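Visitor: need the 3D shape of this:
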Amino acid sequence: MGTETDDRGRLYLSKDLRERHGERFHVVEYSDHIELIPIDDDPLEGLREAVGDAFDDKSIDELRDEARELAREEVANDVRRD
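Guide: Residues are numbered from 1 along each chain as shown. Just a heads-up that it's a prediction; the model follows:
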């Protein structure tokens, strides 16, 4: 499928593409092309679907706290090695 930008720089995506992939996209720029990555309406639910039951029964706050603690531990371990 080919498409062009209009005079305001907007892209037209067909109804079929929007129905399959949604209407929100993250634009990733590479040196020779760009990529449109669909953004889930509920990003956390999309992540849960992608990783299976790894995050079952955990809230966004619990996941954030665990990620921060892991980051603190990694930084502490790197500092001790030097």
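
Visitor: next up, phi/psi of residue 66, please.
Guide: phi -60, psi -40 (degrees, to the nearest 10).

Visitor: which ones are touching residue 58?
Guide: residue 66 (C-beta atoms under 8 Å, 6 or more residues apart in numbering). All C-beta spots, glycine's among them, are computed from the backbone N, C-alpha and C.

Visitor: secondary structure element for it?
Guide: Assigned by DSSP states H and E, residue 58 belongs to neither a helix nor a strand.

Visitor: any idea how far residue 9 is from the residue nearest the centre of the chain?
Guide: For the chain, the residue nearest the mean C-alpha position is residue 39 (6.3 Å; C-alpha atoms, centre = their mean). Distance from residue 39 to residue 9, counting by C-beta to C-beta, to the nearest Å: 19 Å.

Visitor: thinking again about what came up before, and the nearest residue to the residue nearest to the centre of the chain once chain neighbours are set aside, how far is that from residue 64?
Guide: Closest residue in space to residue 39, ignoring its immediate chain neighbours: residue 24 at 4.2 Å, by C-beta to C-beta, 6 or more residues apart in numbering. Per C-beta to C-beta, residue 24 is found 22 Å from residue 64.
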